[in-house]
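Enquirer: sequence isn't available, so here's the structure alone:
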């Protein structure tokens with residue numbers, strides 16, 4: 001068996017196992033609802049959810065657009081703020097010693113409690129929803145970028161000094177490239193937290209969006225609307241996560257080396 005064939009078989013197995021488990025869980029879910037083991041007001045069947053997604057696709061798409069906009073804007077803000085703040089924390093020891101512990105403490109505040117506070121500060125509209133998602137998403141990007149900047153080998157730093165590289169040159173050509181894999185690790189977490197943050201913001205102040213539909217379905221005891229919105233939201237999250245992985249695949253090719261070496265064994 002060739003290397004490419006073994007690699008393809010391994011990837012098929014990696015995808016097939018979760019897919020098989022998902023299929024089994026959906027089948028169990030369908031049987032549980034069909035047999036009336038749970039109240040119909042509490043759980044909709046997969047077939048009902050799928051039918052709702054198909055028949056109400058216009059409504060779901062309109063609200064999905066609002067949520068996607070909030071997610072993308074929030075993630076962009078979180079990424080820029082997280083990376084810039086990480087660089088400042090790396091460059092200035094006083095920020096590392098004083099600001100970083102405070103940022104860690106802020107993560108102890110439940111995300112649901114952040115949204116009402118931001119509504120008071122920013123008012124109604126998209127701003128508090130985007131801000132909520134950005135606040136929730138930026139921390140893993142910050143922490144992972146700081147870890148990447150701190151993880152540069154001392155010998156490499158000494159070499160740049162011996163070559164009389166400026167501080168900006170060292171940061172640009174050595175530290176930031178070395179931190180890229182760590183940035184992507186934080187980015188993968190951050191993009192998923194952006195989805196959660198956008199929904200949390202919509203729970204508090206929204207007249208559109210998937211979070212708004214979930215809240216509406218809960219208040220009207222409509223489990224089909226709730227689960228259809230959740231399925232669409234999960235799909236959006238998976239697509240965004242996958243997009244980050246694709247970008248990472250091309251931007252950080254050296255991270256693929258271990259898997260490729262493993263394929264040769």
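Expert: Yep, it's here. What you see is a predicted model; the values in this text were computed from it and never measured. Numbers count the residues shown, from 1 in each chain.
Enquirer: give me the mean pLDDT for stretch 247-257.
Expert: When pLDDT is averaged along stretch 247-257, the result is 78.
Enquirer: list the contacts of it.
Expert: Applying CB atoms under 8 Å, 6 or more residues apart in numbering, the external contacts of stretch 247-257 come out as 180, 181, 184, 187, 188. Glycine gets a C-beta too; all of them are placed from N, C-alpha and C.
Enquirer: ok, stretch 112-121 next?
Expert: By CB under 8 Å, 6+ apart, stretch 112-121 touches 127, 128, 129, 131, 132, 135, 136, 200, 201, 203, 204, 205.
Enquirer: could you pick out which of these are located in helices?
Expert: Here DSSP state H is the test, and these give 127, 128, 129, 131, 132, 135, 136, 200, 201, 203, 204 as lying in helices.
Enquirer: in contact with the third one, which residues?
Expert: So the one you mean is residue 129. Counting by CB under 8 Å, 6+ apart, residue 129 has contacts 70, 74, 115, 198, 201, 202, 204, 205, 206, 209.
Enquirer: off-centre distance for the helix or strand residue 189 falls within?
Expert: In this assignment (DSSP states H and E), residue 189 forms part of helix 176-204. Centroid separation for helix 176-204 versus its chain: 4 Å, with CA atoms, centre = their mean, to the nearest Å.
Enquirer: quick one: mean pLDDT over it.
Expert: 92.
Enquirer: any stretches of the protein with poor pLDDT?
Expert: Applying pLDDT under 70 to the chain picks out residues 1-9, 11-15, 255-265.
Enquirer: domain map for it?
Expert: 1-38, 42-263 (automatic domain parsing).
Enquirer: ranking the ones you listed by burial, who's on top?
Expert: Mean neighbours per residue, mean count of other CB atoms under 10 Å, is largest over the domains of the chain for domain 42-263, with a mean of 17.
Enquirer: show me how far that one is from its chain's centre.
Expert: 4 Å.
Enquirer: ditto for stretch 40-51
Expert: 27 Å.
Enquirer: show me what that stretch is in contact with.
Expert: Against stretch 40-51 from outside (CB under 8 Å, 6+ apart): 26, 29-30, 32-34, 52, 221, 223-224, 226-228, 231.
Enquirer: what do you get if the cut-off is 10 Å, keeping everything else the same?
Expert: With contact meaning CB atoms under 10 Å, 6 or more residues apart in numbering, stretch 40-51 is reached by 25-27, 29-34, 37, 52, 217, 221-232.
Enquirer: hmm, back to that, just give me the closest of the contacts of stretch 247-257 to residue 123.
Expert: residue 187 (29.7 Å; CB to CB).
Enquirer: contacts only, for the residue nearest to that closest one when sequence neighbours are not counted.
Expert: Residue nearest to residue 187 in three dimensions, not counting chain neighbours: residue 244, with 5.5 Å by CB to CB, 6 or more residues apart in numbering. Taking CB under 10 Å, 6+ apart, we find residue 244 in contact with 75, 184, 187, 188, 189, 190, 191, 192.
Enquirer: just send the residues you listed back as JSON lines, with distance to residue 60 too.
Expert: Formatted as JSON lines, the contacts of residue 244 follow (distance: CB to CB, whole Å):
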{"residue": "75", "distance to residue 60": "21"}
{"residue": "184", "distance to residue 60": "30"}
{"residue": "187", "distance to residue 60": "27"}
{"residue": "188", "distance to residue 60": "26"}
{"residue": "189", "distance to residue 60": "26"}
{"residue": "190", "distance to residue 60": "25"}
{"residue": "191", "distance to residue 60": "21"}
{"residue": "192", "distance to residue 60": "20"}
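Enquirer: check the secondary structure at residue 109 for me.
Expert: coil (DSSP: H, G, I helix; E, B strand; the rest coil).
Enquirer: mind checking how far it is from residue 116?
Expert: The spacing between residue 109 and residue 116, counted by CB to CB, to the nearest Å, is 12 Å.
Enquirer: same thing with residue 133?
Expert: Taking CB to CB, one finds residue 133 at 15 Å from residue 116.
Enquirer: between the contacts of residue 129, which is nearest residue 21?
Expert: Distances from residue 21 to those, taken by CB to CB, are shortest for residue 198, at 27.7 Å.
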